[in-house]
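S.K.: got a sequence here, can you model it:
(one chain, ligands or ions: 1)
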Amino acid sequence: MNLSIRHANIYDKNIICALGVTTFYEAYFEQDDSHDLANYVTESFSAARIEAELKDANSTFFVAELDGKAAGYAKLRENSEAECLSNENAVELQRIYVLERAKGRGIGARLLNRCAETARAKGYETIWLGVWEKNAAAIRFYEKSGFVKVGEVQFPYGKSVGTNHVMKINL
Ligand SMILES: CC(C)(COP(=O)(O)OP(=O)(O)OC[C@H]1O[C@@H](n2cnc3c(N)ncnc32)[C@H](O)[C@@H]1OP(=O)(O)O)[C@@H](O)C(=O)NCCC(=O)NCCS
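M.R.: As a prediction, the model looks like this:
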């Protein structure tokens, strides 16, 4: 198995859209209303939206390739705000998603390492993230990777309100 991580560019737009929709739907289809979920992925991973994000200087995307095939991605977002971390020199890990069939092969860990290297190179001292409180598997992955919970935030979602754990790791 050959695993590689590369910085994504504008030519990866459709790959990010495809991975974005697929992995998000896979991650939450059992817990979410299908309409809410489909509406969210259609909006959040439209070609126009992802193109704009790829061009945004605050966004850095990485694509993970397993034997040359895109199998996961991650996104760092600079200058976003986490209520629990107001005084820290921190960057957000906004997305880290791996295809269901490719999970458990070290792709998430490699994506995270690459994000940490990039964050350090940009001068950040902390990575923070928000993870849905019901996403127990991801919370275990983050805890195993050294993240600790520092707070909670509410977010509007479909017709309801969800709670995210805010977690961070010092670089
Ligand atoms: C969370 C996710 C990115 C992890 O990626 P992955 O490629 O499956 O994880 P890895 O194989 O790199 O595992 C890295 C370490 O975390 C551990 N780990 C991963 N998932 C785990 C889980 N569900 N429970 C416990 N440990 C877990 C692995 O055992 C491994 O530990 P080790 O280094 O001691 O062997 C991936 O499972 C995923 O895409 N999940 C769905 C999307 C999602 O929820 N993303 C986060 C949204 S906030």
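S.K.: for the lowest-mean-pLDDT helix or strand in the chain, give me every contacting residue.
M.R.: None of the helices or strands of the chain scores lower by mean pLDDT, DSSP states H and E than strand 148-157, at a mean of 91. When contacts are defined by Cβ atoms under 8 Å, 6 or more residues apart in numbering, strand 148-157 is touched by residues 36, 40, 82-85, 128, 130, 133, 161-169. Every residue, glycine included, has its C-beta placed from N, CA and C.
S.K.: strands of this protein, start to end?
M.R.: Using DSSP state E, the strands assigned to the chain run over residues 3-7, 59-66, 69-77, 90-98, 126-132, 148-157, 160-170.
S.K.: surely Glu133 touches Thr163?
M.R.: Yes. In this structure, Glu133 sits in contact with Thr163. The criterion is Cβ atoms under 8 Å, and the distance is 4.7 Å.
S.K.: which non-adjacent residue is nearest Arg49?
M.R.: Nearest residue to Arg49 in three dimensions, chain neighbours excluded: Glu43, at 7.0 Å (Cβ to Cβ, 6 or more residues apart in numbering).
S.K.: whoops, I mixed them up, Arg105
M.R.: Using Cβ to Cβ, 6+ apart and skipping residues adjacent in sequence, the residue nearest Arg105 is Met1, 6.7 Å away.
S.K.: OK, contacts around Leu54?
M.R.: Contacts here follow Cβ under 8 Å, 6+ apart; on that basis Leu54 touches Ala8, Asn9, Ile10, Asp12, Lys13, Ile16, Phe61.
S.K.: if we go to 10 Å?
M.R.: Taking Cβ atoms under 10 Å, 6 or more residues apart in numbering, we find Leu54 in contact with Ala8, Asn9, Ile10, Tyr11, Asp12, Lys13, Ile16, Thr60, Phe61, Lys75.
S.K.: alright, I will stop here.
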